[in-house]
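Colleague: structural data only, the sequence is not supplied:
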């Protein structure tokens, strides 16, 4: 094992000679990176084997968690491994002796295109924390060849390009073709009675796809536990070609079947605004489920034999991250009944005890539903099982109550010609959790209220968390160094230690050093913006940041209106008594989401107007950082002064960006939504900015009406001017009027209350601006956020899952 610089240099030299038959000094940067990756792989393997040897036979009986998610936004792994193996400084010093800068090697790595937003990054943080806590827990995901997409901004518009992150291969993955699983689609189900009079089901005339796992190690902090992220790739069962088509000269058509199969794992979240896209997404979801469940069952039988299914819930926990992997429920039933010969009742008890579910949204459009006709044709046996699950569920409902019809409708897994995946998840899982206190409360009062009336014990809250090792230790080395020097390093494994920083809130010397780390991070981000966006920004300005997936409820538009209003005011009075600002945005809009794309164009048009104005640009700048991903997020979070968390109250389940900003000392400006509520409980009103309608008020508007967008405009001259500017030629130089935004606000009555919250938002922002003018006070508030952020460690969240749901600690 590597314990000293000399250990590392010796191993690095050995690997370089083995791989390239050259000494390290003779390698180029790419070969050095490859050699270092090989060293890390050997080190992780050696430590894993040592830990397994220490545990001995007891390791076999440890319960194992399998975490299913359509996304795992893992980010670059090299530095993460170095930190978790606790050898980063050793390696950095050792490489210097070979004339190599570690940072140059880190730049070689590409962000894997395995996720998009908070759902995928949460999954990545969770598997990191499972390994850090010594929990046996593997991830199950898909190996997307081209990710979601690579975002380019051209003339202010989002352009989607393939994210070809696998072009040079992926050094951390290992293909395991011998662990492949065959996945079936289509066909029909034949039924017949066997000699014992028991109905048997045979799936016939189906098509098949081979699911091949590509395994990526998940190294826990301290290096004692190395789990695995299994990424499944779709491949033909047999390489095939249509010879007739080929001989006709239809070469592309001759390879159509192979191309259609490989398309299954080409793109994350294909555009599902059409029937073909919907079918592909459904195929992706079942492919993930069938492949993952096949691996789990094969491993279980190899460990314990074929006759210990009653102990499956004691040895295996399957957790589904939102509704995408909900088919784990009927798939496990299918395996237990059709392949292992169990009766329905026994299989159902085992399935319910084995699977648990996290809900991530209250948005109706995000609660997945599939047309029954499409579902049944693609997955006939799975549909039969869901139909029977639903029949038995309906049969058990109490019929002697006044609202039986409402209860039946709102809890049914099959209704109005659709398969309702969220309802199926609640019916088939032993635990259902939300991801913030507010979100979990809303779930039990609205989306799942009828389920909650029947089974309140099934519901619980697990507020999300983030990996502080990734988003503080790795992303913010200057602050990490200051904290280490001040309170020691115990916080690396116990984030509650950060609370000791509360003792330095009035320490002027410490506050000065703390402010210096923030400025260092702002300089770093400013250089990135200059290099990649070709915009010069002032690191001494206030960095006001909103980076997240583009969606109407997240209200990037509200932030844009604040900036447009500020522009209008600065045109009237260039000496407006405010601090200088850099407003930073980043985020991708789904390919088929026209409104979100128009908002991106609006923000970039605003940037063009502001940044080119010779007077206004001296006071404010606007930047849209393209292609938001983990690697540039790690530059953005530490540099932010203000964290914009301004979603419509009641719509954001939790948010995790708010936690990353808080942990790096940004001060939250937000609504009382998602985890903002818990941030407020931790730091108080004096250490963040709160504005806007509450979740209760917005729900009342949705339920009973009473909100008028036009009334909001009529009584506010600022809104009158800005809504006119959207369409009166103000943006002509940018090539587009914003009628879509205009009509969504005024003709569709502003679904997410941008206009209604505008005045309180601006007032809260202006209050924060005044506080920032007192830099010592601001630094104290910023430090208070860092010191009280430990609740948002994913280690804490995973401990709660492990103790309350999975029962593995």
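Modeller: In hand now; what should we look at? Not measured: the values here are computed from a predicted model. Residues are numbered from 1 along each chain as shown.

Colleague: where does the protein have low pLDDT?
Modeller: 57-59, 251-252, 254 (pLDDT under 70).

Colleague: determine the longest helix present in it.
Modeller: helix 275-304 (DSSP state H).

Colleague: how far off centre is that helix?
Modeller: Between the centre of helix 275-304 and the centre of its chain there are 20 Å (Cα atoms, centre = their mean, to the nearest Å).

Colleague: now do the strands in the stretch 551-700 of the chain.
Modeller: Using DSSP state E, counting those that start in this stretch, the strands of the stretch 551-700 of the chain run over 581-586, 620-625, 642-645, 667-670, 689-690.

Colleague: can you redo those as a markdown table with distance to residue 452?
Modeller: Every residue, glycine included, has its C-beta placed from N, CA and C. Supplementary listing: those in a markdown table, determined by distance: least, Cβ to Cβ, whole Å:
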| stretch | distance to residue 452 |
| --- | --- |
| strand 581-586 | 37 |
| strand 620-625 | 41 |
| strand 642-645 | 27 |
| strand 667-670 | 27 |
| strand 689-690 | 28 |
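
Colleague: can you pull the contacts of residue 87?
Modeller: Contact partners of residue 87, counting by Cβ atoms under 8 Å, 6 or more residues apart in numbering, are 2, 8, 43.

Colleague: err, residue 69, not the other one
Modeller: With Cβ under 8 Å, 6+ apart, residue 69 has these contacts: 119, 120, 123, 139, 140, 141, 321, 322, 324, 325.

Colleague: repeat that for 6 Å
Modeller: Shown in contact with residue 69 (Cβ atoms under 6 Å, 6 or more residues apart in numbering): 123, 141, 321.

Colleague: what do you get for residue 565?
Modeller: residue 718.

Colleague: related to what we said a few turns ago, of the contacts of residue 69, buried ones?
Modeller: 123, 141, 321 (16 or more other Cβ atoms under 10 Å).

Colleague: export these to JSON lines and tack on secondary structure and distance to residue 510?
Modeller: Below are the buried ones among the contacts of residue 69 laid out as JSON lines (DSSP: H, G, I helix; E, B strand; the rest coil; distance: Cβ to Cβ, whole Å):
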{"residue": "123", "secondary structure": "helix", "distance to residue 510": "36"}
{"residue": "141", "secondary structure": "strand", "distance to residue 510": "42"}
{"residue": "321", "secondary structure": "strand", "distance to residue 510": "40"}
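
Colleague: got JSON lines for these, with distance to residue 196 too?
Modeller: Formatted as JSON lines, the buried ones among the contacts of residue 69 follow (distance: Cβ to Cβ, whole Å):
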{"residue": "123", "distance to residue 196": "44"}
{"residue": "141", "distance to residue 196": "41"}
{"residue": "321", "distance to residue 196": "40"}
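
Colleague: number of nearby residues for residue 18?
Modeller: Neighbours of residue 18 under the rule other Cβ atoms under 10 Å: 10.

Colleague: quickly note the distance from the residue nearest to residue 62 when sequence neighbours are not counted to residue 60.
Modeller: Spatial nearest neighbour of residue 62, chain neighbours left out: residue 136 (5.2 Å); criterion: Cβ to Cβ, 6 or more residues apart in numbering. Noted for residue 136: a distance of 10 Å to residue 60, by Cβ to Cβ, to the nearest Å.

Colleague: out of the contacts of residue 87, which end up buried?
Modeller: 2, 8, 43.

Colleague: how about those in JSON lines, adding distance to residue 25?
Modeller: Formatted as JSON lines, the buried ones among the contacts of residue 87 follow (distance: Cβ to Cβ, whole Å):
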{"residue": "2", "distance to residue 25": "20"}
{"residue": "8", "distance to residue 25": "15"}
{"residue": "43", "distance to residue 25": "22"}
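
Colleague: of the residues you listed, closest to residue 255?
Modeller: residue 43 (41.7 Å; Cβ to Cβ).

Colleague: the closest one falls within a helix, correct?
Modeller: Yes: counting by DSSP: H, G, I helix; E, B strand; the rest coil, residue 43 falls inside a helix.

Colleague: got a list of what residue 442 touches?
Modeller: So residue 442 contacts residue 362 (Cβ under 6 Å, 6+ apart).

Colleague: helix or strand: which one has it?
Modeller: helix 437-445 (DSSP states H and E).

Colleague: go through that helix and flag the buried ones.
Modeller: Applying 16+ other Cβ under 10 Å to helix 437-445 flags 437, 438, 439, 440, 442, 443, 444 as buried.

Colleague: with stretch 79-89 instead?
Modeller: 79, 80, 81, 82, 83, 84, 85, 87, 88.

Colleague: quick check, residue 545 in a strand?
Modeller: Yes: the assignment for residue 545 (three-state DSSP) places it in a strand.

Colleague: ok, the buried ones among the contacts of residue 87 vs residue 384, which is closest?
Modeller: residue 43 (49.0 Å).

Colleague: distance check, that closest one against residue 30.
Modeller: Taking Cβ to Cβ, one finds residue 43 at 21 Å from residue 30.

Colleague: then residue 392?
Modeller: From residue 392 to residue 30 the distance is 58 Å (Cβ to Cβ).

Colleague: do the same with residue 578
Modeller: From residue 578 to residue 30 the distance is 48 Å (Cβ to Cβ).

Colleague: quick one, which of these two is more surrounded?
Modeller: residue 578 (18 against 11).

Colleague: quote the end-to-end distance of stretch 786-801.
Modeller: Stretch 786-801 has its terminal residues 24 Å apart, counting by Cα to Cα, to the nearest Å.

Colleague: helix, strand or coil for the residue lying farthest from the centre of the chain?
Modeller: For the chain, the C-alpha farthest from the mean C-alpha position belongs to residue 195; by Cα atoms, centre = their mean, that distance is 50.5 Å. Classification of residue 195 using three-state DSSP returns coil.

Colleague: how much space separates it from residue 256?
Modeller: 44 Å.

Colleague: same check on residue 34?
Modeller: 36 Å.

Colleague: which one of the two has more residues nearby?
Modeller: residue 34 (20 against 13).

Colleague: name the nearest residue to that one, ignoring sequence neighbours.
Modeller: residue 171 (6.2 Å).

Colleague: tell me the SS of the one you found?
Modeller: coil.

Colleague: residues of stretch 717-733 that come out buried?
Modeller: So for stretch 717-733, counting by 16+ other Cβ under 10 Å, buried means 718, 719, 722, 723, 725, 726, 730, 731.

Colleague: which of those sits closest to residue 672?
Modeller: Among the buried residues of stretch 717-733, and counting by Cβ to Cβ, the member closest to residue 672 is residue 719, at 22.7 Å.

Colleague: can you tell me the closest non-neighbouring residue to the closest one?
Modeller: Using Cβ to Cβ, 6+ apart, the closest residue to residue 719 is residue 713 (4.5 Å).

Colleague: and the strand or helix carrying the one you found, what does it pack against?
Modeller: Assigned by DSSP H and E, residue 713 belongs to helix 709-714. Helix 709-714 is packed against helix 717-725, helix 754-773, with contacts defined by 3 or more Cβ pairs under 6 Å, 6 or more residues apart in numbering; DSSP states H and E.

Colleague: which residues outside it are in contact with it?
Modeller: 719, 720, 723, 745, 746, 749, 750, 755, 756.

Colleague: that one: which residues count as buried?
Modeller: 709, 712, 713.

Colleague: let's have the residues you listed in TSV, adding distance to residue 279.
Modeller: Formatted as TSV, those follow (distance: Cβ to Cβ, whole Å):
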residue	distance to residue 279
709	37
712	42
713	43
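
Colleague: from those, which is closest to residue 350?
Modeller: Nearest member of the buried residues of helix 709-714 to residue 350, counting by Cβ to Cβ, is residue 709, at 52.2 Å.

Colleague: got the contact list for the closest residue to residue 325 other than its chain neighbours?
Modeller: Distances taken as Cβ to Cβ, 6+ apart place residue 68 nearest to residue 325, at 3.7 Å, with adjacent residues excluded. Applying Cβ under 6 Å, 6+ apart to residue 68 gives the contacts 140, 292, 320, 325.

Colleague: surely the last one touches residue 289?
Modeller: Yes: taking contact to mean Cβ atoms under 6 Å, the distance of 5.5 Å between residue 325 and residue 289 places them in contact.
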